[in-house]
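Student: Fold the stuff below for me.
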Amino acid sequence: MSRKNEPYCELGKVLDALARSRDVRGPYNIAYYLSDITGRKVSGQLVSKYLYGESVPKQMFMKTFAEAFELTPRELQELAWVYTYGFRLDTEGRV
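Tutor: Modelled structure (predicted):
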């Protein structure tokens, strides 16, 4: 079954946007990039499950992602917020 028309969950949207901002597109490319940069084995299938909200990433994945993509403090803050609470704040920092 293809998921091309299914939207990513909120966390998936943030992960995807952060990766795309560094020219890495799609779950398998994200997994390859993470593995290549950090030397840690990362599964494309598992990254896909994270993006679609079928599974919640463990803290080690989040740390690996942040390390590999060299996230800024602001990007880390947004990622941590969505990882913890499941939604984004507006541009003014309000719920």
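Student: contacts and neighbour counts: CA atoms only from here.
Tutor: OK.
Student: model confidence over the helix or strand in which residue 50 is found, on average?
Tutor: If you go by DSSP states H and E, residue 50 is part of helix 44-52. Per-region confidence: helix 44-52 scores 97 on mean pLDDT.
Student: Quick one: list the elements packing against the helix or strand that it is followed by.
Tutor: As assigned by DSSP H and E, the chain's next helix or strand after helix 44-52 is helix 59-68. If you count contacts as 3 or more CA pairs under 8 Å, 6 or more residues apart in numbering; DSSP states H and E, helix 59-68 packs onto helix 27-38.
Student: quick one: buried residues of stretch 63-77?
Tutor: By neighbour count with 16 or more other CA atoms under 10 Å, stretch 63-77 contains the buried residues 64-66, 68-69.
Student: Endpoints of it, how far apart?
Tutor: Stretch 63-77 has its terminal residues 13 Å apart, counting by CA to CA, to the nearest Å.
Student: what residues are up against the residue most central in space within the chain?
Tutor: Central residue of the chain (CA atoms, centre = their mean): residue 15, 2.4 Å from the mean position. Neighbouring residues of residue 15 by CA atoms under 8 Å, 6 or more residues apart in numbering: 51, 79.
Student: From residue 25, how far out is it?
Tutor: Per CA to CA, residue 15 is found 10 Å from residue 25.
Student: sorry, back to before: mind checking which helix or strand the residue nearest to the centre of the chain is in?
Tutor: Using DSSP H and E, residue 15 falls in helix 10-20.
Student: and the angle from that helix to helix 59-68?
Tutor: Relative orientation of helix 10-20 and helix 59-68, computed by axes from the mean of the first three to the mean of the last three CA atoms, to 10 degrees: 30 degrees.
Student: and the helix holding residue 50, what other elements does it pack with?
Tutor: With contacts defined as 3+ CA pairs under 8 Å, 6+ apart, the secondary structure elements packing on helix 44-52 are helix 10-20, helix 27-38.
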